[in-house]
Every structure is written in C-alpha cells, then in structure tokens.
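Participant: sequence and predicted structure are below.
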Amino acid sequence: MHPPESEPSPARAHRAPAHSLRRLRVALGTWVAIEATAESEAVAARAIEAAYAEVCEVERRMHPEREGSDIARINSAPLRVRTPIHASTWEVLRLAQRLNELTRGVFDPCLPSSPGRLTDLELSGPSAASAPWVVRRAALALDLGGIAKGYAIDRAIAALGGAGCNAGAVNAGGDLRLFGARRETILLRYRDRYQPLVLQNAALAVSDLDESRRPPGHRGYYVRTGAAGTSRRYAAVQAPDAMTADALTKCVLLCSEASARRTVAELGGRDITHTHPTSAYPPFTERPAGAPPENR
C-alpha cells in the first residue's frame with residue numbers, strides 16, 4: 001500500500017486535454033461559423049455536424065418562401081383555418097407576440113406589403129398534449145428573418161452541449177453566442193472608433209442599417225407606416241440567448257428610447273449600443289492590425 005502522501009490528490013489529477021475544432025459554412029443567407037471544444041476531436045467533429053443540422057432545420061421550417069416551410073404554409077393558408085406548425089416555430093412566434101405587445105405593435109414581423117399584422121395571427125397555447133397551430137384572420141406576409149437567425153444559433157449551441165462539448169461558439173453573420181469557458185473579445189463599432197467587449201456565456205446581436213453587405217433577405221420589414229421609430233441606424237444588444245438578442249436589436253432601432261429601454265429590461269437584455277469606452281479598454285480610432293473581425 002502506498003503511503004498517504006503518495007496518493008494523487010484531486011488537484012493533481014491529470015485532466016484530459018481539450019480539443020477544439022472550427023468550421024465555416026453558408027447557411028441562413030450568411031456565413032455560419034461554429035467552434036466546439038470537447039475531450040476528443042471526434043466528439044467535437046460530431047457536435048459541429050449536429051449543430052449545423054439544427055441550423056438547417058430552423059432554416060427549412062422558417063424560410064418565408066421555401067415550399068413546405070411552416071412560414072410559407074401560414075402565409076398561404078385559408079383564413080380562419082388552423083395550420084399545424086412545429087414546436088420550434090411556435091416558440092419563435094410566441095416571443096414575437098410578446099415583443100409586439102411590449103412595443104405596442106412596433107415590433108411586427110409581417111411585411112408591410114400585405115395589410116395583415118401579427119395581431120391578426122392567433123397562436124395556440126403552450127400545451128404538450130397537442131401539436132401547436134396558428135390561425136390567420138387576415139392576409140399577411142409573415143417573415144421571421146429578424147428573429148429566427150438568433151433562434152438557429154441557440155439551437156446550434158444546444159446541440160453542441162448535447163453532443164458532449166464543454167465549450168463552444170456559434171457566429172451567424174456577426175450575431176453570436178458563446179457557452180462554457182469559451183471567451184471572445186469583440187470589437188463593437190462606436191461612432192468613429194471600436195470598443196472591445198469581452199463575451200462569455202452570453203449572446204450578442206447587432207443591426208446596422210448602413211451596412212452595405214447586409215444579406216438580401218434583410219428587407220427592413222419591421223418598418224411599417226405609422227411606426228414610432230427613432231433615428232437610430234445601429235444597435236447592439238447583449239442577452240442570455242441569441243434569439244432574444246437578435247429580436248431586441250430591432251426594438252432598439254425602431255422603438256422610442258423609453259419603449260426600447262423597458263423592453264430590453266423586461267427580457268433580461270442589455271443595450272450596449274451607446275457603451276462608452278472605459279479606462280480598462282481605451283478606444284481604438286482605427287481597427288487594430290490582427291484584430292478579430294468587426295461585429296456588425
């Protein structure tokens with residue numbers, strides 16, 4: 001028997017090395033980067049595939065024009081007839097309804113090309129006993145592009161964790177979420193300079209109306225006639241999950257400052273659009289060489 005002092009203590013126990021993989025693919029009309037850290041490269045590789053599969057499923061169900069998608073079926077369904085939808089689509093629509101109520105109709109993911117609004121869409125209650133459904137009571141053109149991308153990021157993060165990863169990151173067109181020990185310093189544009197933001201176990205979304213490289217699917221459909229918007233052109237919001245952060249950027253852009261402040265607080269977000277430089281992180285007057293990509 002070894003003497004007690006020769007027994008390895010938990011602090012001395014050898015930890016298996018972590019393996020990180022990163023992949024970049026086109027999805028959701030943009031580039032989607034997924035990084036996974038796990039006990040082996042094989043686990044990380046399988047987790048990334050599972051994450052991309054979740055992203056593709058969200059795109060398939062919520063694309064506004066793809067034949068067979070939930071959104072396309074809703075938009076073409078007869079009036080006052082129940083249309084069954086997937087639970088994930090119900091979840092996104094439920095958050096959209098909540099934001100529509102909080103912003104008094106300013107947040108409305110229906111294209112202004114049709115008269116119908118989100119309030120013309122009846123959504124079933126949260127029941128596990130039956131499949132969710134919607135009923136449209138007026139002609140409308142629903143488009144969840146300003147919120148579904150965040151949801152896809154969240155589903156990818158859940159897939160990474162479910163596949164055995166202990167850390168990871170998903171970045172879709174500049175909107176991202178990190179989990180585990182993964183940390184990243186993001187350079188946020190602040191007027192004519194850049195402000196570093198350290199992100200961990202959180203999500204960040206930005207909306208820039210002046211970005212020349214915005215995907216063609218970003219149609220600006222939240223701007224409706226009579227909407228009480230502001231003159232803001234740029235918004236950055238941090239939140240616990242990417243769907244919330246993604247949706248809240250539209251509220252910050254389009255609502256009055258008082259309404260946006262209440263809505264962001266209600267959903268546990270943080271509006272960092274006007275974050276001022278601190279002594280710990282002095283401002284950059286130009287993008288530093290070798291810096292990580294700017295988050296727009």
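Facilitator: Happy to help now that I have it.
Participant: just the CA atoms of the strand or helix carrying residue 98, as CSV, please.
Facilitator: Using DSSP states H and E, residue 98 maps to helix 87-102. Coordinates of the C-alpha atoms in helix 87-102 are reproduced here as CSV (Å, rounded to 0.1, in the frame of the first residue of the first chain):
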residue,chain,number,x,y,z
ALA,A,87,-42.9,23.5,-31.8
SER,A,88,-39.8,25.5,-32.7
THR,A,89,-41.8,27.8,-35.0
TRP,A,90,-44.3,28.2,-32.2
GLU,A,91,-41.6,29.2,-29.8
VAL,A,92,-40.3,31.9,-32.1
LEU,A,93,-43.8,33.2,-32.8
ARG,A,94,-44.5,33.3,-29.1
LEU,A,95,-41.6,35.6,-28.5
ALA,A,96,-42.6,37.8,-31.5
GLN,A,97,-46.0,38.1,-30.0
ARG,A,98,-44.6,39.1,-26.6
LEU,A,99,-42.4,41.7,-28.2
ASN,A,100,-45.3,43.0,-30.3
GLU,A,101,-47.3,43.5,-27.0
LEU,A,102,-44.4,45.1,-25.2
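Participant: list the buried residues for it?
Facilitator: 88-93, 95-97, 99-100, 102 (16 or more other Cβ atoms under 10 Å). No exception for glycine: its C-beta is placed from N, CA and C like everyone else's.
Participant: which residues sit against that helix?
Facilitator: 57-58, 61-62, 70-71, 85, 107-109, 118-119, 121, 123-124, 126, 131-132, 134, 144, 147-148, 151, 155, 243-244, 247-248, 251, 259, 262-263, 266-267 (Cβ atoms under 8 Å, 6 or more residues apart in numbering).
Participant: how does it look with 7 Å?
Facilitator: With Cβ atoms under 7 Å, 6 or more residues apart in numbering as the test, helix 87-102 has contacts from 58, 61-62, 70, 107-109, 118-119, 123, 132, 134, 144, 147-148, 151, 243, 247, 251, 263, 266.
Participant: re earlier: relative to residue 172, which of the buried residues of helix 87-102 is nearest.
Facilitator: Proximity of the buried residues of helix 87-102 to residue 172 was ranked by Cβ to Cβ; the top entry is residue 92 with 14.9 Å.
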